[in-house]
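Chemist: here you go, sequence then predicted model.
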Amino acid sequence: MSHVWYVSYGSNMSADRFACYIEGGLPPGGSRENPGARDRRLPARTIPVDLPGTVYFAGESPQWGGGVAFYDHAAPGGAAARGYLVTAEQFADIAAQEMYRAPRDRDPLAELVLAPLDGGRHQVGPGRYETLLEVGRHEDLPLLTFTAPHGLDHVEHTRPTEAYLATVRDGLRQSRGWDDERIASYLETIVPAQLSPG
């Protein structure tokens, strides 16, 4: 069974939220049940990941309301992320659920992620999380994430809800051991003051 590192930079940094994509269920503060992955074994390992680029918020989340996190690897700055060691099949199932689809047998994405991406990028479809990025390697396995096809400067930014940000904070505490001050300082760099919850 082949593995990859799924790299999260948003709410999935929280282990409780991420577990809903594997085991199924309603994430804390969310409004939609996730069906879960076909393979319901939680990852044995996670690692902190430092990404080039930045995280930004756009669109509206059916799960949380408000803006949702996207990643622009070409933008200046740095982004905090968390890597989960998952099977290629689990990665495909996570991606499907991010697009509000049910996991399916013989998902071609499970095969795609096991081969090097041409130029480190592959657009699976036009959806908001259908642009696949290889952001590095760890222990000779690819570090993979997905984001929107557009970058930071090509979309209107929207405000994330407090429930969403609370989940991101939880993930930053778990994965990086940051205190509240460090977390607040980081979020100020990715959530402009005019978009911060009132």
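Modeler: Sure, I can see it.
Chemist: gap between stretch 39-54 and the chain center?
Modeler: 9 Å (Cα atoms, centre = their mean, to the nearest Å).
Chemist: stretch 46-62 too?
Modeler: 6 Å.
Chemist: pLDDT of stretch 136-150, averaged?
Modeler: Over the span of stretch 136-150, the pLDDT mean works out to 93.
Chemist: right, I mislabeled it, should have said stretch 59-75
Modeler: 89.
Chemist: could we number from 12 for the rest of this?
Modeler: Sure, I'll start numbering at 12, so the last one becomes stretch 70-86.
Chemist: low-scoring pLDDT stretches of this structure, where are they?
Modeler: Residue ranges of the chain with pLDDT under 70: 12, 203-209.
Chemist: which helix runs longest in it?
Modeler: Using DSSP state H, we find that the single longest helix of the chain is helix 173-187.
Chemist: now that helix, how far from the chain's geometric center?
Modeler: The answer for helix 173-187 is 12 Å, by Cα atoms, centre = their mean.
Chemist: put the alpha carbons of that helix into CSV.
Modeler: The C-alpha atoms that make up helix 173-187 are tabulated as CSV, following Å, rounded to 0.1, in the frame of the first residue of the first chain:
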residue,chain,number,x,y,z
GLU,A,173,-15.1,32.4,14.2
ALA,A,174,-15.9,28.6,14.2
TYR,A,175,-13.6,28.1,11.3
LEU,A,176,-10.8,30.2,12.8
ALA,A,177,-11.2,28.4,16.1
THR,A,178,-10.6,25.1,14.3
VAL,A,179,-7.5,26.6,12.6
ARG,A,180,-6.2,27.8,16.0
ASP,A,181,-6.7,24.3,17.4
GLY,A,182,-4.7,22.8,14.6
LEU,A,183,-1.8,25.3,15.1
ARG,A,184,-1.7,24.4,18.8
GLN,A,185,-1.7,20.7,18.2
SER,A,186,0.8,20.6,15.3
ARG,A,187,3.2,23.3,16.3
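Chemist: need the contact partners of that helix.
Modeler: 19, 21-28, 38-41, 57, 59, 72, 75-80, 91, 93, 171, 189, 191, 193-194, 197-198, 202, 208 (Cβ atoms under 8 Å, 6 or more residues apart in numbering). Quick note: C-beta positions are derived from backbone N, CA and C, even for glycine.
Chemist: just the buried ones from these, in ChimeraX syntax?
Modeler: Buried subset of the contacts of helix 173-187, written as a ChimeraX selection, criterion 16 or more other Cβ atoms under 10 Å:
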select :19,21,22,23,24,25,26,28,38,40,41,57,72,75,76,77,78,79,80,91,93,171,189,194,197,198,202
